[in-house]
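J.: Okay, sequence plus prediction incoming.
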Amino acid sequence: LDEIDLFAHKPPEQEYFRNYRRWAVESAALDLALRQREESLGECLGIEPEPVRFVVSTRLGEPPTTDRVEELLALDDELEFKLDPTPDWPEEAFVTLRETDAVRILDLKGWYEGTDVDVEADPELYRDVFAAFPAAIVEDAAFTPETRPLVEPQADRLSFDYPIDGVESLESLPVEPGWCNIKPSRFGTLESLFETIAHCRREGIELYGGGQFELASGRTAIQTLAALFYPDAPNDVAPRPFNDPEASPPYPTSPIRPDRDAVGFEF
């Protein structure tokens, strides 16, 4: 594929879309090859998949309220969450969410540019997040003159997602993070994905899984990778009903268990 332009007919709107398409092709090719051998990725690698712990990723809406979190916890008080704080979160949201003791990841989205989910690097927001959730993972905190003094001392619980597309990008971060969010489509190639997983294991960087648009067949791929490499982490790989506005209770509970008869990238 190095010699093939996957956007030969129309250039991508963003350059990083090339990685997304490369991942789509390579992961499909791997899935096909495994199916032809009638084996799973775990069998190919000699790794037994384990039940996958997941967190539910949600936003608090506009205006921000904790209603969705509280509704889900009323159905299952063991659910865990990944939330996206914004400067308009009211103080009572921080208080209520801290009292739930269910928030595991807070995604500040400080590295995003030109998307619908960009969040400005607000030092007051960063200060509130670090103070209200002292044990949570904080993802994609931006480094500005105002936020750097707040962010650098938290390196052990910092995680990065948006800027990570391989080992080199991980090594070029302003700090040595304690965590890394593995989103396969950002890496483009299977080689880069597995090199980064191996690098993090050598360097003691904890991993958890995530995804972007994987709501169909791709969802099983990110769940499978989690089952093989970081099953006990707060994986942002919740089953599809949590992202389906038409779905209704009961919802799946964590952990989710892999199918022992799966082949290819099936979970």
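T.: Structure received.
J.: Once you drop chain neighbours, what's closest to the residue most central in space within the chain?
T.: The chain has G210 as the residue nearest its centroid, 2.5 Å off, counting by C-alpha atoms, centre = their mean. Setting aside the residues directly before and after it, G210 is nearest to D236 in space (C-beta to C-beta, 6 or more residues apart in numbering), at 4.1 Å. All C-beta atoms are positioned from the backbone trio N, CA, C, and that covers glycine.
J.: Tell me how far that neighbour lies from Q212.
T.: D236 sits 10 Å away from Q212, going by C-beta to C-beta, to the nearest Å.
J.: Kindly report the same for E99.
T.: 31 Å.
J.: Of the two, which one has the most company?
T.: Between E99 and Q212, Q212 has the larger neighbour count (other C-beta atoms under 10 Å), namely 14 against 9.
J.: What score does that one have for pLDDT?
T.: Listed pLDDT for Q212 reads 84.
J.: pretty sure it contacts S185?
T.: Yes. Shown here, Q212 and S185 form a contact pair, counting by C-beta atoms under 8 Å, at 5.6 Å.
J.: can you map out the strands along the stretch 51-200 of the chain?
T.: Along the stretch 51-200 of the chain, counting by DSSP state E, counting those that start in this stretch, strands occupy 56-58, 81-83, 103-107, 137-139, 158-160, 179-182.
J.: other SSEs contacting the fourth one?
T.: Just to be clear, that refers to strand 137-139. Counting contacts by 3 or more C-beta pairs under 8 Å, 6 or more residues apart in numbering; DSSP states H and E, strand 137-139 is packed against strand 103-107, strand 158-160, strand 179-182.
J.: What pairs with the shortest one, parallel or antiparallel?
T.: Same thing as strand 158-160. In the sheet, strand 158-160 lines up against strand 137-139 (parallel), strand 179-182 (parallel) (DSSP bridges).
J.: Not counting the longest one itself, show me its contacts.
T.: Looking back up the chat, that one is strand 179-182. The contact list for strand 179-182, computed with C-beta atoms under 8 Å, 6 or more residues apart in numbering, reads 137, 139, 157-161, 164, 170, 193, 196-197, 200, 205-210, 225, 229-230, 236.
J.: Perfect, I'm done here.
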